[in-house]
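Visitor: quick one: sequence and predicted model below, then my questions.
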Amino acid sequence: MEFDVAFLDIGHGDCSVITFVDPADSERRRCIVIDGGEEGTKGVSHLQADAPAAAWRLAAYLKEREVCYIDLLIGTHIDSDHIGGLLTFLQEYTAKADDDASPFWNDRRVCIGQYWGPLSDSCWGRIDQEQGEDERKRYHELMQLLVKLKVKKKQTSQDQHEITRLEGEIARLRDAVNRLMSVHSSRAFVAQSVRQNSALDALVRQHVANPERDILAPDLLHLPPAPFPSVRIDLLWPDVQIPDSMIKAALFRPVDNAAPATDNRRPQNLAELLERVLDNQEALARTEDRKANNRSIVISVRPTEWNGSEDTWPAVLLTGDAESESWQRMVPRYDDGELAAYILKVPHHGSAQNGITPEALRAIRPRFAIVSVGPIHSLPEALTLNRLRSETETPLDIFCTERNHNPAKHGPCLHALPGCVRGRWEDYRGVVFGFDTAEGSVSVVALRFVKGAADYELEFHWVRDHESDPQRVLWCRQGQWNGG
């Protein structure tokens, strides 16, 4: 069986694709898609103005692999740099005809077998969308309860006048908070992610045969059925799913849960309440983002049969944005070897404080480490890269899907010697591992999206000796990084 694992360059974010031909059904290529990068061109616009969007890149690769049906689509968690591109992909590349009559670009509505993703609360998810006006009003009634504390039980005409005035202030407060949601990065990011998760859930429902059966929010309490006889998928995390409504609701808890330690009293008026919102909602959003990351779906994927050596068994560990809290709980939960993987998709784009732990790396023992990253968050961090070098018994090769060359938010490699293997941004920025399970062989193909005469094209490059890679077109040649 051919078992191919691709890590695509989709800008900042994650997108992995596993394809294989199941011996029990060799008529078509099976496909698993894990995450899809950012919505629209948000994750790639830093490259150049006409850089193709993440969804276009995913569609181009699926077309090249002659994929006509996604057997399993996975959105690991609600962050927009993981599920936003899936939303764009389903909006623009399914349920419509294409001029070149490609098998994937067609008018079939059922093009997804199963979807595994974050738990979506449809009512809360509609907040901040035009059709969610009623839900938005119901929510802001909760804010009005704070004001009612100031209202007497027996209302005089003066009380009525005061209530009217307070209602006007509540409306202005609501508008102010909504503006804050669009200005401050953490709140805007989380709110956008919940919106996208709700929209993605609604769109996926149009493309599966039976939404109640085929859309799952799996966790260790609700393990999904095995979808393939020849490929094993082990769900390792999360221990429990939380609704996106809980994440969204936390953005609007400025009174009871966001009060500074030096000031535990309730706000005395709406001005103080707004000040409390200003001071604390950003911290709340960062906290909720960490909670969402630690609910990431983490899976191990491997073929059930392999005729090669045990240490090259093609187990792939796909980790979303699982942070240190997740790994601290996962590592002791599993026996020796259960987390082991030949290929590790490094969690959280190479973040150190909010990513992989030394204990997890020693349990995983990867041969290859893939960092899916873009130049907008000073990632990957030096501490993570040094851990990858020092916390594994055997040397491993590191591959980054982009060169972080952003002068304002560059990673530790910008000025390090001998320097990144990519001299230019358009150098190879994706990689495909090809496994022949019958022969027990491994091959590596590098890929990139290059601009042709009229449009971007997907270009492949076979790496003759991927173990040594003498030309160093792929694997990082740095041994140690300063700052970690």
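Guide: Good, I have the coordinates.
Visitor: so how far is Cys413 from Ile242?
Guide: Between Ile242 and Cys413 the distance is 35 Å, computed by C-beta to C-beta, to the nearest Å. Just so you know, the C-beta spots here come from the backbone N, C-alpha and C atoms, and that holds for glycine as well.
Visitor: do Pro238 as well
Guide: Taking C-beta to C-beta, one finds Pro238 at 32 Å from Cys413.
Visitor: which one's more surrounded, those two?
Guide: Shown here are Pro238 and Cys413; by other C-beta atoms under 10 Å, Pro238 has more neighbours (26 against 21).
Visitor: next, the contact list for that one, please.
Guide: Pro238 makes contact with 219-220, 294-298, 326 under the criterion C-beta atoms under 8 Å, 6 or more residues apart in numbering.
Visitor: need the per-residue pLDDT for it.
Guide: For Pro238, the model assigns a pLDDT of 92.
Visitor: then Ser16?
Guide: 97.
Visitor: ignoring the adjacent residues along the chain, who's closest to it?
Guide: Ile34 (4.4 Å; C-beta to C-beta, 6 or more residues apart in numbering).
Visitor: contacting residues for the one you found?
Guide: Ile34 neighbours (C-beta under 8 Å, 6+ apart): 14-18, 74, 76, 299, 318.
Visitor: please apply the same query to Glu212.
Guide: Contacts of Glu212 (C-beta under 8 Å, 6+ apart): none.
Visitor: do the one 3 residues further on as well
Guide: Under the criterion of C-beta under 8 Å, 6+ apart, the contact list for Ile215 reads 114-115, 117, 201, 204-205, 208.
Visitor: quick check: the farthest pair among those residues?
Guide: Gln114 and Asp201 (13.5 Å; C-beta to C-beta).
Visitor: picking that back up, got the contacts of Ile34 as JSON lines, with distance to Tyr93, neighbour count and secondary structure columns?
Guide: Output for the contacts of Ile34, formatted as JSON lines (distance: C-beta to C-beta, whole Å; neighbours: other C-beta atoms under 10 Å; DSSP: H, G, I helix; E, B strand; the rest coil):
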{"residue": "Asp14", "distance to Tyr93": "18", "neighbour count": "31", "secondary structure": "coil"}
{"residue": "Cys15", "distance to Tyr93": "14", "neighbour count": "30", "secondary structure": "coil"}
{"residue": "Ser16", "distance to Tyr93": "18", "neighbour count": "23", "secondary structure": "strand"}
{"residue": "Val17", "distance to Tyr93": "14", "neighbour count": "23", "secondary structure": "strand"}
{"residue": "Ile18", "distance to Tyr93": "19", "neighbour count": "22", "secondary structure": "strand"}
{"residue": "Ile74", "distance to Tyr93": "17", "neighbour count": "25", "secondary structure": "strand"}
{"residue": "Thr76", "distance to Tyr93": "20", "neighbour count": "29", "secondary structure": "coil"}
{"residue": "Ile299", "distance to Tyr93": "24", "neighbour count": "23", "secondary structure": "strand"}
{"residue": "Leu318", "distance to Tyr93": "22", "neighbour count": "29", "secondary structure": "strand"}
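Visitor: and the furthest pair within those residues?
Guide: Among these, Cys15 and Ile299 lie farthest apart (C-beta to C-beta), at 15.0 Å.
Visitor: between the contacts of Pro238, which is closest to Gly374?
Guide: Checking the contacts of Pro238 one by one against Gly374 (C-beta to C-beta), the nearest turns out to be Ser296, at 18.4 Å.
Visitor: my guess is the closest one meets Glu325, correct?
Guide: No - between Ser296 and Glu325 there is no contact, the gap being 10.9 Å when judged by C-beta atoms under 8 Å.
Visitor: so which of these two has more stuff around it?
Guide: Between Ser296 and Glu325, Ser296 has the larger neighbour count (other C-beta under 10 Å), namely 27 against 14.
Visitor: and that one, what pLDDT?
Guide: 93.
Visitor: how about it, what does it touch?
Guide: 76-77, 237-238, 319-322, 326, 347.
Visitor: which is the next helix or strand following the strand or helix carrying Ser193?
Guide: In the assignment (DSSP states H and E), Ser193 maps to helix 185-204. Per DSSP H and E, the first helix or strand lying C-terminal to helix 185-204 is helix 211-214.
Visitor: for that following helix, the averaged confidence score.
Guide: Mean predicted lDDT for helix 211-214 stands at 92.
Visitor: swap in stretch 307-326?
Guide: 92.
Visitor: just stretch 30-48 next, same as before
Guide: Rounded mean pLDDT across stretch 30-48 is 82.
Visitor: next: stretch 59-70.
Guide: On average, stretch 59-70 scores 89.
Visitor: and the end-to-end length of stretch 330-344?
Guide: Separation of the first and last residues of stretch 330-344 by C-alpha to C-alpha, to the nearest Å is 15 Å.
Visitor: so how far is Leu474 from Leu58?
Guide: Counting by C-beta to C-beta - Leu58 and Leu474 are separated by 21 Å.
Visitor: please apply the same query to Leu383.
Guide: 23 Å.
Visitor: those two: who's more crowded?
Guide: More neighbours surround Leu474 than the other of Leu383 and Leu474, with 22 against 17 (other C-beta under 10 Å).
Visitor: pLDDT value on the more buried one, please?
Guide: So, for Leu474, pLDDT stands at 74.
Visitor: isn't it right up against Val432?
Guide: No - with contacts counted by C-beta under 8 Å, Leu474 stays clear of Val432, the gap being 11.0 Å.
Visitor: so what's in contact with those two at the same time?
Guide: With C-beta under 8 Å, 6+ apart as the test, Leu474 and Val432 both reach 444, 446.
Visitor: what's the closest non-adjacent residue to Asp9?
Guide: Arg429 (3.6 Å).
Visitor: wait, is Gly161 part of a strand?
Guide: For the record, residue 161 is His, not Gly. No - per DSSP: H, G, I helix; E, B strand; the rest coil, His161 lies outside any strand segment and is helix.
Visitor: just give the number of residues close to it.
Guide: 11.
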